[in-house]
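In: generate a structure from the sequence data that follows.
(one chain, ligands or ions: 2)
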Amino acid sequence: MPLFLQAVITSNGVLTPKFEYIEKLRERREKAQIMQKSGVKRVLLLGSGYVSGPVVEYLTRDKKIQVTVASALLRQAEVLAAKYPNTIPVTLDVSSQEARLDSLVQDHDLVISMLPYSFHPMVAKHCIKRKVNMVTASYLSPAMKELQSSVEQAGITIVNEMGLDPGIDHMLAMKCIDQAKAGGCTVESYISFCGGLPAPECSDNPLRYKFSWSPYGVLLNTISPAVFLKDNQVVNIPAGGSLMDSTLSLDFFPGFNLEGFPNRDSTKYIEPYGIQTAHTLIRGTLRYQGFSKAMSSFIKLGLINNEPCPTLQTSSSPVSWKALLCKQMGLSSSIPQEAFQEAVYERVGRDDDKMESLRWFEMLSDEPVPPADSVLAALAKHLEAKLSFDKGEQDMIILRNDVGLRHPSGELETKHISLVVYGDPGGFSAMAKTVGYPAAIAARMVLDGEISTKGLVVPMTQDIYGPALERLQREGLHFMSKSTFHK
Ligand SMILES: NC(=O)c1ccc[n+]([C@@H]2O[C@H](COP(=O)([O-])OP(=O)(O)OC[C@H]3O[C@@H](n4cnc5c(N)ncnc54)[C@H](O)[C@@H]3O)[C@@H](O)[C@H]2O)c1
Ligand SMILES: N[C@@H](CCCCN[C@@H](CCC(=O)O)C(=O)O)C(=O)O
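Out: Ligands and ions are numbered 1, 2, ... in the order given. Predicted coordinates:
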């Protein structure tokens with residue numbers, strides 16, 4: 001085909017002759033090279049998913065920052081980059097193109113990894129090799145901690161846990177704890193719950209949930225183990241699904257119908273928060289009531305399983321949900337529908353609501369399972385298709401920290417610190433704003449030398465949380481604080 005007859009759909013949806021498109025890309029790259037020579041800072045953003053938008057929006061407000069958005073999904077990176085100046089989309093699969101990752105890292109002043117968190121240690125190794133600073137919104141995992149001394153030796157900074165939860169929760173906690181200690185108080189308890197939710201009017205599905213961040217991550221968290229401290233007792237919840245049976249109803253905002261369950265190992269924050277005096281320390285996840293009950297049927301059917309599943313990997317002969325569930329229960333897929341439904345009913349504890357939920361998700365039928373590497377990845381794709389936000393629908397985030405403080409007078413005060421944010425219809429989601437802006441603010445602080453500590457950094461010190469919380473307020477995130485006094 002002659003060159004002028006070839007066309008591409010560009011990120012703004014316009015059919016553009018291919019040579020014009022290539023010309024545009026060439027112009028953008030040349031501009032980037034000129035900018036590099038004129039003191040412009042170059043930021044490599046890895047990942048263009050749910051929460052990446054505000055990162056680019058915030059950074060490119062400064063004309064002296066150029067952002068390269070790299071993603072395995074080029075189209076997704078293009079759509080994001082097209083909205084902002086000085087932003088170049090590139091394709092990169094970090095699992096198969098490590099040399100390309102390395103050369104991109106070398107070519108930038110700072111890397112922000114918004115990839116699935118299992119990739120961060122690999123990215124960090126290239127940042128260490130190329131002495132380039134890095135920011136993530138993810139937990140400081142054991143694999144990242146192993147890199148502590150190499151990060152220090154390389155003389156670079158890696159900021160971790162700079163999102164919402166973890167992120168804003170830590171910053172609000174530490175601001176309160178530091179101020180309380182300065183006033184002579186002792187911290188007796190810390191209870192923090194955070195949830196990414198649909199706005200209440202968008203919650204009409206059996207899970208009362210819609211995805212505002214990685215569906216795979218949301219689902220995987222439901223079988224995580226958890227540890228927390230309650231009245232000086234360490235409580236352990238084993239991995240594999242008991243978490244969804246450890247739900248309690250929460251009424252700190254009585255107008256919302258909320259439940260919560262513990263989130264990972266809360267006790268590991270006793271030391272970094274400096275609250276060895278606390279008898280209770282719980283970090284938890286918030287959902288609308290009904291989530292954990294509906295979710296537990298997926299768990300009971302063995303669907304939250306991330307082991308490779310070769311039968312699901314091909315799209316040529318798709319498996320049906322009925323056949324997959326039969327396999328999970330050790331039944332023949334030719335079993336009559338009635339007997340199949342009875343077996344499922346038995347497996348989910350003879351609960352009519354759970355059956356209704358499985359029917360709503362079309363999982364008791366011959367509906368095909370999306371091709372994926374594992375049963376969990378297939379479920380994530382299936383639910384994402386059914387539980388994404390429609391145009392005009394809003395998500396919300398709720399974050400609530402309750403900090404019990406004993407005053408020198410003996411009086412007990414509970415500080416209730418809350419953040420409630422709604423997504424902008426047609427704009428950024430609440431989750432994207434509350435994860436992307438903290439990460440972008442940290443990136444600016446590193447680029448500007450405001451964060452200069454070398455090694456693995458978390459936002460728990462006043463030099464970081466002070467300016468970061470102030471800047472987040474300027475982005476429209478309003479923190480509320482109230483107190484209750486007990487005799
Ligand atoms: N701290 C918090 O409050 C918080 C909240 C939400 C998300 N997060 C974290 O932020 C990160 C981004 O979250 P998200 O919801 O945008 O995730 P997402 O799944 O929507 O996006 C992931 C991005 O990575 C890209 N990607 C996946 N595999 C890749 C590969 N092999 N090579 C290159 N690109 C690849 C995808 O194309 C996508 O652009 C995740 O690590 C998530 O756990 C933190
Ligand atoms: N706990 C809340 C808020 C979600 C924020 C997601 N944070 C991720 C961070 C994972 C990481 O990147 O290390 C999580 O899994 O908790 C909810 O579930 O609605």
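In: stretch 417-426 near ligand 1 anywhere?
Out: No - contact of stretch 417-426 with ligand 1 (Cβ under 6 Å from any ligand atom) is absent, the minimum separation being 11.9 Å. In this view, the C-beta of every residue, glycine as well, is placed from N, C-alpha and C.
In: straight-line length of that stretch, end to end?
Out: 29 Å (Cα to Cα, to the nearest Å).
In: what residues sit buried inside that stretch?
Out: Ile417, Ser418, Leu419, Val420, Val421, Gly423 (16 or more other Cβ atoms under 10 Å).
In: and for stretch 311-327?
Out: Leu312, Val319, Trp321, Lys322, Ala323, Leu324, Leu325, Cys326, Lys327.
In: what count of nearby residues applies to the closest residue in space to the fourth one that isn't next to it in sequence?
Out: What sits nearest to Lys322 in space, not counting adjacent residues and going by Cβ to Cβ, 6 or more residues apart in numbering, is Asp366, at 5.7 Å. Asp366 is flanked by 12 other residues according to other Cβ atoms under 10 Å.
In: confirm that Asp366 sits in a helix.
Out: No - the assignment for Asp366 is coil, going by DSSP: H, G, I helix; E, B strand; the rest coil, so no helix is present there.
In: wait, doesn't it sit right on Val319?
Out: No - contact criterion Cβ atoms under 8 Å: Asp366 and Val319 do not qualify, at 10.0 Å.
In: quick one: the residue nearest to Lys322 from ligand 2, how far?
Out: 32 Å (Cβ to the nearest ligand atom, to the nearest Å).
In: mind listing what that residue touches?
Out: For Asp366, the contact set (Cβ atoms under 8 Å, 6 or more residues apart in numbering) comprises Ser320, Trp321, Lys322.
In: over to Leu73?
Out: Each residue near Leu73 by Cβ under 8 Å, 6+ apart is listed here: Ser48.
In: next, work out how far apart it and Pro198 are.
Out: 24 Å (Cβ to Cβ, to the nearest Å).
In: try Thr280
Out: 30 Å.
In: tell me which of the two has more neighbours.
Out: When Thr280 and Pro198 are compared for neighbours, Pro198 comes out ahead with 23 against 18, by other Cβ under 10 Å.
In: in this structure that one contacts Lys210, no?
Out: Yes - contact criterion Cβ under 8 Å: Pro198 and Lys210 qualify, at 4.2 Å.
In: now do the shared contacts for these two.
Out: Common neighbours of Pro198 and Lys210 (Cβ under 8 Å, 6+ apart) are Phe389, Glu393, Asp395.
In: buried among those residues? Need that as a selection in ChimeraX.
Out: Burial among the shared contacts of Pro198 and Lys210 is assessed by 16+ other Cβ under 10 Å; the matching ChimeraX selection reads:
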select :389,395
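In: tell me, which of the shared contacts of Pro198 and Lys210 make contact with ligand 1?
Out: Among the shared contacts of Pro198 and Lys210, ligand 1 is touched by none when using Cβ under 6 Å from any ligand atom.
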